[in-house]
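Undergrad: this one's structure only:
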């Protein structure tokens, strides 16, 4: 049987807590872009935290439509200095 890891809802207070801990909110995405963006930040030396998206006040039509199609959205948070890889000539 699969083990489910419960997530603690953070809400607005949780965002403030993340910001105080040095996290920066980047974007809210679904797969496959979510994994691509998270891996991109990790490869640049950032810590990455993915927070499941919860609908808030205002228009959520796009998120609701995606959820009806089975998409799961998450918000990407990063922290750290982000150092370029030494073997990448782009950052010479």
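TA: Okay, I see it. Bear in mind that the values here come from a model prediction, so they are computed numbers and not experimental data.

Undergrad: mind listing the helices for this protein?
TA: Applying DSSP state H to the chain gives helices spanning 11-20, 33-43, 61-68.

Undergrad: so for residue 74, which of those sits nearest?
TA: helix 33-43 (5.7 Å; Cβ to Cβ). Bear in mind the C-beta positions are built from the backbone N, C-alpha and C, glycine included.

Undergrad: who does the closest one touch, helix- and strand-wise?
TA: Under the contact criterion of 3 or more Cβ pairs under 8 Å, 6 or more residues apart in numbering; DSSP states H and E, helix 33-43 touches strand 24-30, strand 47-52, strand 73-79.

Undergrad: so what does the second one touch, helix or strand wise?
TA: Spelled out, it's strand 47-52. Using 3+ Cβ pairs under 8 Å, 6+ apart: strand 47-52 touches helix 11-20, helix 33-43, strand 73-79.

Undergrad: rebuild those as TSV, extending it with mean pLDDT and mean neighbour count.
TA: Shown next, in TSV, are these (pLDDT from 0 to 100; neighbours: other Cβ atoms under 10 Å):
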stretch	mean pLDDT	mean neighbour count
helix 11-20	78	12
helix 33-43	94	14
strand 73-79	94	19
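
Undergrad: wait, which of these is closest to residue 51?
TA: Of the helices and strands packed on strand 47-52, the one closest to residue 51 (Cβ to Cβ) turns out to be strand 73-79, at 4.7 Å.

Undergrad: so what touches that closest one?
TA: Outside strand 73-79, the residues that touch it by Cβ atoms under 8 Å, 6 or more residues apart in numbering are 18, 21-30, 34, 37-38, 41, 46-53, 63, 66-67.

Undergrad: for that strand, what is the distance to the chain centroid?
TA: Between the centre of strand 73-79 and the centre of its chain there are 2 Å (Cα atoms, centre = their mean, to the nearest Å).

Undergrad: could you list the paired strands of it along with their orientation?
TA: Sheet pairing of strand 73-79 (DSSP bridges) gives strand 24-30 (antiparallel), strand 47-52 (antiparallel).
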